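Peer 1: Got a predicted structure plus its sequence, pasted below:
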Amino acid sequence: MKIGLFIGGAGSAGTLQEQISQIVEAEKAGFDSLWAAHIMDVDVMTMLSMAAEQTTHIEIGTAVTPTFLRHPIAMAQQALTVQKVANGRFTLGLGVNHKPVVEGRLGMKFHRPWRHMFEYLNIVHSLTREGKVDYEGEIFSANTQFTMSSLSEIPVLLAALGPRMLKTAGELADGTITWMTGTETLRRYVVPTINEAAHEEGRKKPRVVAAVPLSITDDPDSAFEQADKYFGRYGQLPSYRAMLEKEGVESSAEMALIGNEKEVETMLKDYSYAGATDIAVQIFPTGQEADSSLKRSMAFLSGLVGKI
């Protein structure tokens, strides 16, 4: 199982330069990947392009970029540009986001999300694979041709929690990215659903990138309180609430991996056994010494790369 870092899950990941620095440091520490959430401040794809110029081998990806923010033609343009700069190290994570965000912040109607993603993905695939598209759907229309001299393959992962979206992730995309999803839910629901869909289409086994909060600590009670402060709001969103219910837990803070090094290593191995191909860790600090807490977790994780 590949081990990467995830930034943005606890809110702002910092200034533009701070986010770039996190990616540079992640590569120096030996991590396989770094995934960035698209939250409402820094444009994450522009940031990843800038970070790609300062790194050489770490995989960089969005986890995820909301589709409602861009027409699929614009998404394909930007993704191809990032991939050129990254020399093939970029993975595009896409998601429809959530109704309260789309309607409350963007002022758009959260309408037929599965159909939206199905059409969106077909247009992006046509443009990134063939450089042209002629598509007339129920939601999107696209008719254009790129003039790039060469195209770079772009792996696409979907934020897929419902059965229909998971099936589409297996049939059309390269896998899924989960957040606030536990090992039992992966083992019994996510992995079998997406793998079966890929198998029926004669496709290779898809990636399952499990993004999780983590803190190495000797004070788990305090860490849980901190996790609830950072991540408790996710349990209010219907799609994440459904995943929590499948896992049999009440709070999204219960999805955080909290404990000492030995305890958390066992938790990480459980994700591998459940079928996750990658783990993307959102490290959060606990205790009064935030820097020491973060460094302890970073050192522990970097030491596990290539060993799980």
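Peer 2: Looks like it came in fine. Numbers count the residues shown, from 1 in each chain.

Peer 1: CA only for contacts and neighbour counts going forward, please
Peer 2: Will do.

Peer 1: which stretches of the stretch 151-300 of the chain form helices?
Peer 2: Along the stretch 151-300 of the chain, counting by DSSP state H, counting those that start in this stretch, helices occupy 163-171, 183-185, 191-200, 220-231, 238-247, 261-273, 290-304.

Peer 1: Check those for me and report the most buried one.
Peer 2: The highest mean neighbour count among the helices of the stretch 151-300 of the chain, using mean count of other CA atoms under 10 Å, belongs to helix 163-171: a mean of 22.

Peer 1: re earlier: mind giving me CSV with the helices of the stretch 151-300 of the chain and columns for mean pLDDT and distance to Thr147?
Peer 2: Output for those, formatted as CSV (pLDDT from 0 to 100; distance: least, CA to CA, whole Å):
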stretch, mean pLDDT, distance to Thr147
helix 163-171, 97, 28
helix 183-185, 98, 44
helix 191-200, 98, 32
helix 220-231, 95, 43
helix 238-247, 93, 39
helix 261-273, 98, 42
helix 290-304, 96, 41
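
Peer 1: if I look at the closest residue to Ser49 other than its chain neighbours, how far off is Glu261?
Peer 2: Nearest residue to Ser49, sequence neighbours excluded (CA to CA, 6 or more residues apart in numbering): Val82, at 5.2 Å. To Glu261, Val82 is 36 Å away according to CA to CA, to the nearest Å.

Peer 1: what's Gly61 sitting at in phi/psi?
Peer 2: Recorded main-chain torsions at Gly61 are phi -160, psi 160, according to degrees, to the nearest 10.

Peer 1: Just give me the neighbour total for it.
Peer 2: Residues near Gly61, counting by other CA atoms under 10 Å, number 25.

Peer 1: these two touch, right, it and Asp32?
Peer 2: No. Using CA atoms under 8 Å, Gly61 is not in contact with Asp32, being 11.3 Å away.

Peer 1: With distance to Lys109 added, can I get the helices of the stretch 151-300 of the chain in CSV?
Peer 2: Listed next are the helices of the stretch 151-300 of the chain as CSV, based on distance: least, CA to CA, whole Å:
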stretch, distance to Lys109
helix 163-171, 19
helix 183-185, 30
helix 191-200, 28
helix 220-231, 26
helix 238-247, 17
helix 261-273, 36
helix 290-304, 40
